[in-house]
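Visitor: Predicted model, plus sequence, below.
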Amino acid sequence: MGKATAHSQGPPAYRDDPDHAETASMASAVLLDDVDYFPDEELPSYTDTPAESHTSAAPGVSLSANHHQFYEPPPEPPFSSHDLNYSEYRTRFPNYSTEASTLSTFIKQQLQYPASYFVQLCGTHTETRRNGNKETKDNITDFYIRINLTYLLGHWGSGSIEFLPDNKRGYRGTIIPRLPSSKSISLDEEIGGDELSTWCKKYVSDPSKIKSFTLKREIQHHDTKKLEHLLRSAIAETNYRGHVSIEFLKQHERVVIYSPGTINQWRMTVWIRWMFYLTFLWIFAWPVLFFLTSRYEVVKGIFQYADSPPNTNPSRKPTVMSEVDWFHRWESAVKRAALARMVNKDGACLDEEYRQATERADARGEAVGRTPEIPRTGNVFADGALGLIGQGLRVAEGFSAQRGWGGDC
């Protein structure tokens, strides 16, 4: 996923048999010197800016690698920091608290991007070591796989904005969640304009010295239970005997805008936060910050995996592809990465190139055959010995597969 611009076609897919190229295209190839003249026609004008395109893949249509190649996370706000999981970003850029139009433009830009969405598979087992009467247990990571799912939420700008409804308690410039008062309704009528601009003007005009404005990103209608079940079945087919954990992770879920000031500067400084954590001063600081901060949590970006929740509508339509279709595309790649003991704890994800390489390897395996033909020498005794060895190897392979791998020991 990235900006809604048309991207050029990528390089042609790798071919294992380049000698078997299309003869028609080769036969029609000519040299430029053989051409006597070129037609006098006006060439299209050159432009550096590609034409905008807001089209998305329809359900059931196969996707190219561009969905992964052009994925772009939301831009980081100025003067910002984030937590360890990259789920919440905080900024104290002064203009966001003094200019309503700047704040409104920033929120609209941020809500064009969904939260970064991943599925993470981790396999572990415990190894017990004995040294005399002393016993130690080590937790061993067998595989650690992460795949980016963000492109399944639709193209850039496909989300919708949702505001806090009047019949629901929430933070509307208050310390605790409350229902709107008649005074706030009259203020809406006085300010006028669209709803987002109204809330931005409310936040900027709030005289509180310590205040915050929070925007959230929410992912809806993804059947994570079904996809988790399918992924567990794929790992089980590799005869893995360890412990499997599957998580659906989100990054860039929240953006918090703090008003400028010393206290908010301290609360965003990493080493000061850790000092309060380690010295347990947060026990006293947290209540003070809670009762001093006026909070606005009224706007949310909604990005749907499908048009309805799971198991509610027989004609449920996914935004890009269903959970089952995605699983069929990635099943073999997940198995391959698990059997290869792949560990990517640095945040790297399996990409489309890895998936396509797995497909090509599977195609070559099917062409050759999983069980190669036993060679014949013409000698009865030699051929019998080779057959006996082949049967023994297959029995040993079956026994190893039945025993499995990655179990506690």
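Guide: Received, thanks.
Visitor: Go ahead and confirm Pro310 touches His221.
Guide: Yes: look at Pro310 against His221 with CB atoms under 8 Å: they come within range, at 6.9 Å. Where you see a C-beta, it was placed from the backbone N, CA and C, and this is true even at glycine.
Visitor: Between those two, which has more neighbouring residues?
Guide: Taking Pro310 and His221 together and counting by other CB atoms under 10 Å, His221 has the greater number of neighbours (18 against 15).
Visitor: picking that back up, just give me the residues shared between the contact sets of Pro310 and His221.
Guide: Arg316 (CB atoms under 8 Å, 6 or more residues apart in numbering).
Visitor: where are the low-confidence patches of the stretch 151-300 of the chain?
Guide: 182-193 (pLDDT under 70).
Visitor: now the strands: where do they sit in it?
Guide: Along the stretch 151-300 of the chain, the segments classed as strands by DSSP state E, counting those that start in this stretch run 160-163, 172-174, 211-220, 243-251, 254-258, 294-304.
Visitor: Now for Ser208, how many residues are close by?
Guide: For Ser208, using other CB under 10 Å, the count is 14.
Visitor: In stretch 80-99, which residues are buried?
Guide: Neighbour-count burial for stretch 80-99 flags 80, 82, 86-93, 96-97 (criterion: 16 or more other CB atoms under 10 Å).
Visitor: circling back to that earlier point, so which of the strands of the stretch 151-300 of the chain comes closest to Val270?
Guide: strand 254-258 (14.6 Å; CB to CB).
Visitor: Note down every partner strand of the closest one and its orientation.
Guide: Note on strand 254-258: by DSSP bridges, its sheet partners are strand 88-91 (parallel), strand 211-220 (antiparallel).
Visitor: Can I get the longest one in CSV, CA atoms only?
Guide: It stands for strand 211-220. Taking C-alpha atoms only, strand 211-220 is exported to CSV below (Å, rounded to 0.1, in the frame of the first residue of the first chain):
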residue,chain,number,x,y,z
LYS,A,211,-4.4,19.1,26.9
SER,A,212,-4.3,16.4,24.3
PHE,A,213,-6.0,15.4,21.1
THR,A,214,-6.0,11.7,20.1
LEU,A,215,-6.9,10.1,16.8
LYS,A,216,-7.2,6.4,16.5
ARG,A,217,-7.2,3.9,13.7
GLU,A,218,-9.4,0.8,13.9
ILE,A,219,-9.5,-2.4,11.8
GLN,A,220,-12.9,-4.1,11.5
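Visitor: May I see the strands of the stretch 151-300 of the chain organised as TSV, with distance to Lys201 added?
Guide: Listed next are those as TSV, based on distance: least, CB to CB, whole Å:
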stretch	distance to Lys201
strand 160-163	14
strand 172-174	12
strand 211-220	12
strand 243-251	30
strand 254-258	14
strand 294-304	11
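Visitor: OK, contacts around Thr174?
Guide: 294-295.
Visitor: That one and Lys211, how far apart?
Guide: 11 Å (CB to CB, to the nearest Å).
Visitor: now swap in Phe276 and tell me
Guide: Counting by CB to CB - Phe276 and Lys211 are separated by 21 Å.
Visitor: Just want to know which of these two has more residues nearby.
Guide: Per other CB under 10 Å, whichever of Phe276 and Lys211 has more neighbours is Lys211, with 21 against 17.
Visitor: So the more buried one sits against Tyr203, correct?
Guide: Yes: counting by CB under 8 Å, Tyr203 is a contact partner of Lys211 at 6.8 Å.
Visitor: can you list residues touching both of the two?
Guide: Both Lys211 and Tyr203 are contacted by 97, 173, 296, under the criterion CB under 8 Å, 6+ apart.
Visitor: Please give the element, helix or strand, for the first one.
Guide: Secondary structure assigned from DSSP states H and E places Ser97 in helix 95-98.
Visitor: what helices or strands is that helix leaning on?
Guide: Here helix 95-98 touches helix 100-110, helix 195-205, strand 211-220, strand 254-258, going by 3 or more CB pairs under 8 Å, 6 or more residues apart in numbering; DSSP states H and E.
Visitor: just the shared contacts of Lys211 and Tyr203 now: which is nearest Trp156?
Guide: Of the shared contacts of Lys211 and Tyr203, the one sitting nearest to Trp156 (CB to CB) turns out to be Tyr296, at 26.1 Å.
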